[in-house]
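Peer 1: Compute the structure for the input listed below.
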Amino acid sequence: MKLNSLTDTHFHLNSEDDIEEIIKRARDNNVENLILSCCDLKNIEELLEIINRYPNIYLTIGLHPDEIDSFNDTTITYFEKLIKSNQKIIGIGEIGLDYYHNKDNKKEQIKLFKEQLDLAKKLDMPVIIHSREATNDTINILKEYKLKTTIHCFTGSLEIAKMYIKEGYLLGIGGVSTFKNTNLKETLKYIPLENIVLETDSPYLSPEPFRGVKNEPKNISIICENLANIKGISLEEVIKITTNNVVNQYKRLG
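Peer 2: From the prediction side, this is the model:
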């Protein structure tokens with residue numbers, strides 16, 4: 001992977017998206033590699049076809065806590081088979097805990113989370129973590145596994161950031177870092193670049209000045225420039241270090 005180009009480490013696709021146009025616009029903005037996130041079972045075959053067709057697109061798979069009702073006894077076996085059969089599946093995620101949307105099924109969420117972490121440990125795969133209003137449970141569970149870990153869509157306090165960084169985790173930084181009313185800008189001043197990867201979470205969370213417009217991977221360039229400005233360093237340094245973080249995190253990444 002070129003260390004002078006950007007990577008979107010987390011984006012989603014809808015069936016109506018024109019993937020070739022998305023790739024073109026990304027490359028026009030120096031975003032070379034794209035990591036798709038599949039966190040349900042509905043679109044996985046379509047996404048597998050896409051990563052097999054385009055050499056610069058990779059995939060992570062897992063069940064989001066909101067998808068708990070689709071989990072059954074065959075899910076983990078199915079994921080294991082897919083991962084073993086396709087080197088372009090480079091991580092397990094997004095998985096995790098979400099107590100914001102549903103606090104009544106914490107026990108079931110934790111079971112699903114741990115079963116997917118067990119698979120990651122078995123296959124020596126990095127994990128991408130969704131954690132909302134569940135920081136303590138998330139960290140306490142992850143400590144048991146000692147996996148390469150990215151905290152997706154990090155928007156927390158400096159105190160929480162330090163808890164994650166102490167464990168060696170990467171923080172996924174996206175469009176929220178550009179919002180005018182966010183405290184994340186101040187937090188980012190104190191987070192080492194070595195603990196940051198860039199993500200869009202497309203089609204959600206478009207950065208300023210495109211809030212309210214559908215997000216896509218090309219906007220990584222805006223997030224990167226914003227981070228350079230926050231830290232008072234060159235764009236080239238942000239690109240080099242964050243891209244190197246991606247390379248070190250994902251051993252299957254070409």
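Peer 1: Let me see the mean pLDDT of stretch 5-23.
Peer 2: Over the span of stretch 5-23, the pLDDT mean works out to 94.
Peer 1: Now do the buried residues in that stretch.
Peer 2: Buried residues in stretch 5-23, counting neighbours by 16 or more other Cβ atoms under 10 Å, are found at 5-13, 17, 22-23. (Glycine included, C-beta is placed from N, CA and C.)
Peer 1: and the end-to-end length of that stretch?
Peer 2: 14 Å (Cα to Cα, to the nearest Å).
Peer 1: How far does that stretch sit from its chain's centre?
Peer 2: Here stretch 5-23 is found 13 Å from its chain centre; the criterion is Cα atoms, centre = their mean, to the nearest Å.
Peer 1: Could you point out the longest strand of the protein?
Peer 2: Longest strand of the chain, by residue count under DSSP state E: strand 89-98.
Peer 1: and His130, which of the three is it?
Peer 2: Following DSSP: H, G, I helix; E, B strand; the rest coil, we place His130 in the strand state.
Peer 1: give me the number of residues near the closest residue to it other than its chain neighbours?
Peer 2: Taking Cβ to Cβ, 6 or more residues apart in numbering, and ignoring the residues beside it in sequence, His130 has Gly96 as its nearest neighbour in space, at 3.7 Å. Residues contacting Gly96 under the criterion other Cβ atoms under 10 Å number 28.
Peer 1: residues contacting Gly96?
Peer 2: If you count contacts by Cβ atoms under 8 Å, 6 or more residues apart in numbering, Gly96 has them with 64-65, 113, 129-131, 134, 138, 152.
Peer 1: where's the closest residue to Lys189 other than its chain neighbours, which helix or strand?
Peer 2: Excluding its sequence neighbours, the residue lying closest to Lys189 (Cβ to Cβ, 6+ apart) is Ile230, at 6.1 Å. For Ile230, the element it lies in under DSSP states H and E is helix 220-231.
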